[in-house]
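Trainee: got a predicted model here, sequence first, then my questions.
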Amino acid sequence: LDGAGELEGPVAVTLHNVLSHPSRNQRKILEELCALADRVVVFTESSRALLLETHPMDPSKVAVVAHGAPPELFSDRGEEPAATRISTFGLLSDNKGLELLLSALPTVVREYPDVFVTVAGRTHPEVHRREGERYRQGLPDTVTGLGLERPVEFRNDFLSPEGPARLLKATAISVTPY
């Protein structure tokens, strides 16, 4: 609160969750923070309604920026794919847990031989600055060591805004291993 009170210029607060029964201290902090803010952002209409119901504030300062699966994912997928895709995407770094996903694959492939994995993403810029492509380039070696060359595809790119929707539409299971 002290830091937010010292900010110059417009202040936006993004609320990842809105609690229906906050503690007294949570309520106090949230109300003070929102009072300092020029704009309060929530991810769903139901969060906006709950926030306005449980915390007194000007409704015009509360905006919804939709968070979640894009509507395209709910349209007809067309023909069933010949194989089952598991996918993950985003900026790659060694704290994302991709090794967990890859180490589980031999067991998964034995049980479901038609499965394959797509890992889409480029190296995180900070990781690239410090280490270059060491981590991303080591992932195929991990796959080779597990004997899994066939069921894993690496896409060395950062997807466009439409890219995740296209990838997820062709995906049976999306994994966020971290």
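Mentor: Everything's here; your move. Computed from a predicted structure; not experimentally measured.

Trainee: which parts of the protein are strands?
Mentor: Remark: strands assigned in the chain by DSSP state E are 12-14, 39-42, 62-64, 84-89, 115-120, 152-155, 173-174.

Trainee: want to throw those into a markdown table with distance to Gly138?
Mentor: All C-beta atoms are positioned from the backbone trio N, CA, C, and that covers glycine. Below are the strands of the chain laid out as a markdown table (distance: least, C-beta to C-beta, whole Å):
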| stretch | distance to Gly138 |
| --- | --- |
| strand 12-14 | 34 |
| strand 39-42 | 38 |
| strand 62-64 | 41 |
| strand 84-89 | 16 |
| strand 115-120 | 12 |
| strand 152-155 | 11 |
| strand 173-174 | 23 |
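
Trainee: as CSV, these with mean pLDDT would be great.
Mentor: Output for those, formatted as CSV (pLDDT from 0 to 100):
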stretch, mean pLDDT
strand 12-14, 91
strand 39-42, 94
strand 62-64, 93
strand 84-89, 90
strand 115-120, 91
strand 152-155, 90
strand 173-174, 86
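
Trainee: may I see those organised as a markdown table, with mean neighbour count added?
Mentor: Putting the strands of the chain into a markdown table (neighbours: other C-beta atoms under 10 Å) gives the following:
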| stretch | mean neighbour count |
| --- | --- |
| strand 12-14 | 14 |
| strand 39-42 | 20 |
| strand 62-64 | 16 |
| strand 84-89 | 20 |
| strand 115-120 | 20 |
| strand 152-155 | 16 |
| strand 173-174 | 14 |
